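Sharing a model prediction with you, sequence too.
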Amino acid sequence: MANHSTVPVVSGIAAANAQAWRTERRIALLVVIVPFLSLIGAIVLLWDRGIRPVDLTMLVAGYALTVVAIGVGFHRLVSHKAFSTPPIVRLALCALGSMAAQGPVLYWAAIHRRHHACADRPGDPHSPYLAEHGTLDYVQGFWHAHTGWLFNPDVTDWVHYVPDLLRDRALFRVSRMYGWLVGLGLLIPGAIGFAVTPTPSGFLLGLLWGGLVRIAVTHHTTWSVNSICHMFGTRPYRVRDQSRNNFVIAVFTFGEGWHNNHHAFPSAALHGFKWWQVDISGYLIRLLRLCRLAWDLKLPLAEKIAGRGELR
């Protein structure tokens, strides 16, 4: 016989989950659409008025800093523990990575670990291959892997995927400060723009180019690893998913585009295994090691890198 006293509790949990999902969807829409619309507006503005040198500098420098922070900090350091650093370096990378507006570091790591656990199989949050393989499904798969998955009501269990990170109090605090850090990533370029041209227009131009446009470009280069690097490129390692190496994406993501290499050796600190495989994030990790700011780098053995067989 059913215990009717549990019905209100279950209903309350369901309602809370539904409300959380609606809130997350609104935030996702805001984070995705506002920078993208700002990018379109900036292109129109660029055609009509050009761009100030300070705005271009902030766009390029901000992009480089946040992309490196995502690749080195969120991805290789936090998600895979591919190397170790002093706490101040880790927290700085995670704070900069948060300014990319791709979600709090614990959320990012949980999603990424789940991706590896279920790569291109049911449970993968952003695989392009979980539908039929008609032409329309192919396009829908690309959209889902690139952006659409952000609006999926499926929730990733942090306790299951990042229990070790949840116990890290400093990292937990940085994750909770995500909204403030995103705001700071917008205000800093605005303040610099105002310092160069002390008018509301100077502030708004800095906010636009160094903040919103930088976020939009960072979003779509990083998300290209989820979409393009599972659909287009080479597969030197026969892993059990469709991860691929893509030179163009590797250049723009500072090494994250060597995605088949990464899926073959997930915990490797370096993703570029050949001299021509540009891996700027890997070069930075090596530089940190030279400066004694990184240690315990996890690197696959040379004979394993040379192999081509199925690795997992």
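Sure, I can see it.

residues in contact with residue 277?
Residues near residue 277 by Cβ atoms under 8 Å, 6 or more residues apart in numbering: 245, 250, 255, 258, 261, 271. C-beta coordinates here come from the backbone N, C-alpha and C atoms, glycine included.

For those residues, work out which two are farthest apart.
Of all pairs drawn from those, the widest gap by Cβ to Cβ lies between 245 and 255 and measures 10.9 Å.

Determine which member of the two has the greater number of neighbouring residues.
Set residue 245 next to residue 255 and count neighbours by other Cβ atoms under 10 Å: residue 255 wins out with 28 against 25.

Next, the contact list for the closest residue to that one other than its chain neighbours, please.
Leaving aside its chain neighbours, residue 255 sits nearest to residue 279 (3.4 Å; criterion: Cβ to Cβ, 6 or more residues apart in numbering). For residue 279, the contact set (Cβ under 8 Å, 6+ apart) comprises 250, 254, 255, 258, 270, 271, 272.

And for residue 65, the neighbour number?
18.

Surely residue 66 and residue 97 touch.
Yes. The pair residue 66 / residue 97 is scored as a contact, 6.6 Å apart, by Cβ atoms under 8 Å.

of these two, who's got more company?
Neighbour count, other Cβ under 10 Å: between residue 66 and residue 97, residue 97 has more, with 31 against 24.

So the more buried one is in contact with residue 69, correct?
Yes. Counting by Cβ under 8 Å, residue 97 does reach residue 69; the two are 3.8 Å apart.

Report the set of residues contacting both of these two.
Residues touching both residue 97 and residue 69 do not exist when contact is defined as Cβ under 8 Å, 6+ apart.

In this structure, where is pLDDT below threshold?
Scanning the chain for pLDDT under 70 picks out 1-30, 47-48, 131-135, 302-303, 307-312.

and the contacts of residue 277 as JSON lines, adding distance to residue 124 and secondary structure?
Shown next, in JSON lines, are those (distance: Cβ to Cβ, whole Å; DSSP: H, G, I helix; E, B strand; the rest coil):
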{"residue": "245", "distance to residue 124": "19", "secondary structure": "strand"}
{"residue": "250", "distance to residue 124": "22", "secondary structure": "helix"}
{"residue": "255", "distance to residue 124": "22", "secondary structure": "coil"}
{"residue": "258", "distance to residue 124": "19", "secondary structure": "strand"}
{"residue": "261", "distance to residue 124": "19", "secondary structure": "helix"}
{"residue": "271", "distance to residue 124": "20", "secondary structure": "coil"}
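
out of these, who's nearest residue 195?
Looking across the contacts of residue 277 and measuring by Cβ to Cβ, the closest to residue 195 is residue 255, at 33.3 Å.

what's the closest non-adjacent residue to residue 157?
residue 110 (7.5 Å).

now the helices for the stretch 51-200 of the chain?
Ranges of helices in the stretch 51-200 of the chain, per DSSP state H, counting those that start in this stretch, are 53-68, 87-98, 105-117, 135-146, 158-161, 163-166, 169-176, 178-196, 200-206.

out of the ones you listed, deepest packed?
Among the helices of the stretch 51-200 of the chain, helix 105-117 has the highest mean neighbour count (mean count of other Cβ atoms under 10 Å), at a mean of 22.

ok and that helix relative to helix 169-176, angle-wise?
100 degrees (axes from the mean of the first three to the mean of the last three Cα atoms, to 10 degrees).

circling back: which one of the helices of the stretch 51-200 of the chain lies nearest to residue 221?
It is, among the helices of the stretch 51-200 of the chain and with distance given as Cβ to Cβ, helix 53-68, at 6.8 Å.

which other helices and strands contact the closest one?
helix 87-98, helix 178-196, helix 200-206, helix 214-227, helix 280-290 (3 or more Cβ pairs under 8 Å, 6 or more residues apart in numbering; DSSP states H and E).

Wait, residue 74 touches residue 110, no?
No. Taking Cβ under 8 Å as the definition, residue 74 is not a contact partner of residue 110, at 11.2 Å.

give the contact list for the closest residue in space to residue 171 that isn't next to it in sequence.
Nearest non-adjacent residue to residue 171, counting by Cβ to Cβ, 6+ apart: residue 165, 5.7 Å away. Neighbour list for residue 165: 78, 105, 106, 109, 171, 172 [criterion: Cβ under 8 Å, 6+ apart].
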